[in-house]
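**Q** Below: sequence and its predicted model.
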Amino acid sequence: MSKSILRLQLLRKLWDHLTPREMLGISPPEKSHPNGQAIGELRRQEIAHLLDIEKQLHDITRGVGGPGASFSTEDDVAADVEFSQLIEFPETDSERLFQFPSIGKMLDNIDDIQRYEALERLLRLQKLYLMAEQIILGLNLTEIDEKPLDMRWFNRWKSNACEISNGELQQLWARILVQELRHTGSCSLRVLGDLSEFSIKDAENLSKLASWTIGDFVYRSALQALTGRFDSKLFETLEENGIVRGVFGKVLSKTLHSEVHHGFLANLVLADKKLKLTSTQPRTELHVPAYKLTSVGRELLPLVTSSVDQEYLNHVLQDLHARGISVSIVDIVPDSSTLQLS
């Protein structure tokens, strides 16, 4: 099956999970536009419209303009200023100035707040769906999982993702949705919970970890050899967040098993490089010092990509050469479903 057909099938899987109300303002890719516009032009118009709605919503909640633009009257605002600054205004009617709102007005105010917050969450989700669509269109697919998303998982994804307003973190949430669409069941509910607490700093730390991770481990001695650059606190934080283990307590090692019976052969991936480890000396396995990824770390790390840390790679090569291992290196083209953070 061609890659373009697989991409279309994955797109259809995404849009099949959305309800008509969730799609109000955005269109499925196959939907024909009255003016016969290409989907790319239609998407540009839809995104511009979403941004315009966001601006209107921002203005409304700040009381600048638009329908229901202000939650309080001009007199109420003046009263707040007068009260907070303890300024006396003899000409102001004190009875009118300090009149408290009725329960009806308070309930109306709550209804407005809830409506505006719900619209804000919907706009964020719609942008995430369009981000996910763009990621899918750039994938190099060989197969897809045709099983539908688990609705408990998808509802949890929506409830967490709709609270994210930062663009780089939104990219993470779009990518984890695409990852789950490609391989249903690959992302746990626990990871969604961990990701919901991520800050930009956490995302940057994850990207740093990607530049050092070889498969499912970090070469500990090579990392610690980075003069003046090894950040022990970073790895303490990563272990506290349940992403790596082996920082505290027992010192861990990684066992590399030979793929051949004669000599030694192991293929590893380090960031954007593929390492081929060989030796003419017969050995079934090789033990190297390591920080290991946890199950949470193994689920989160595929969401980001990073260029290899060359100094770190040099230390890895030096250590392997000292163990009698030869290494050949090949570049890898990153998958567009991953995110690169500077």
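**A** Thanks, I have it.
**Q** which neighbours does the strand ranked longest in the chain have in its sheet, and in what orientation?
**A** Longest strand of the chain, by residue count under DSSP state E: strand 285-293. Partners of strand 285-293 in the sheet, by DSSP bridges, are strand 217-219 (antiparallel), strand 244-245 (antiparallel), strand 252-257 (antiparallel).
**Q** Pull out the buried positions in the last one.
**A** Buried positions in strand 252-257, judged by neighbour count with 16 or more other Cβ atoms under 10 Å: 254, 256. Heads up, the C-betas are built off the backbone N, CA and C, glycines and all.
**Q** Other residues contacting it?
**A** Residues outside strand 252-257 that contact it (Cβ atoms under 8 Å, 6 or more residues apart in numbering) are 216-217, 220, 245-246, 266, 268, 277, 284-292.
**Q** Dump that strand to CSV, keeping only the CA atoms.
**A** C-alpha atoms of strand 252-257 as CSV (Å, rounded to 0.1, in the frame of the first residue of the first chain):
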residue,chain,number,x,y,z
LEU,A,252,23.0,0.4,36.8
SER,A,253,24.5,-1.0,33.6
LYS,A,254,23.1,-1.8,30.2
THR,A,255,23.7,-5.2,28.7
LEU,A,256,24.1,-5.1,24.9
HIS,A,257,23.5,-8.6,23.4
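**Q** Make 454 the first number, not 1, from now on.
**A** That works, and once the first residue is 454, the last one we named lands at strand 705-710.
**Q** ok and the helix or strand just after it relative to strand 738-746, angle-wise?
**A** Toward the C-terminal end, the helix or strand that comes next after strand 705-710 (DSSP states H and E) is strand 717-723. If you take axes from the mean of the first three to the mean of the last three Cα atoms, to 10 degrees, strand 717-723 sits at 20 degrees to strand 738-746.
**Q** Could I get the average pLDDT for strand 717-723?
**A** Across strand 717-723, pLDDT averages out at 95.
**Q** residues in contact with stretch 662-682?
**A** By Cβ under 8 Å, 6+ apart, stretch 662-682 touches 683, 691, 696-697, 699, 705, 707, 721-724, 728, 741-746, 750-751, 754, 757-762, 764-766, 768-769, 771-772.
**Q** Quick one: end-to-end distance for that stretch.
**A** By Cα to Cα, to the nearest Å, the extent of stretch 662-682 from end to end equals 13 Å.
**Q** Tell me how far residue 572 lies from residue 552.
**A** 30 Å (Cβ to Cβ, to the nearest Å).
**Q** Compare these two (neighbour count), which wins?
**A** residue 572 (15 against 12; other Cβ atoms under 10 Å).
**Q** Work out for me the element the more buried one sits within.
**A** Using DSSP H and E, residue 572 maps to helix 556-590.
**Q** roughly how far out does that helix sit from the chain middle?
**A** Centroid separation for helix 556-590 versus its chain: 19 Å, with Cα atoms, centre = their mean, to the nearest Å.
**Q** which strands and helices sit next to it?
**A** helix 456-469, helix 492-514, helix 604-614, helix 620-635 (3 or more Cβ pairs under 8 Å, 6 or more residues apart in numbering; DSSP states H and E).
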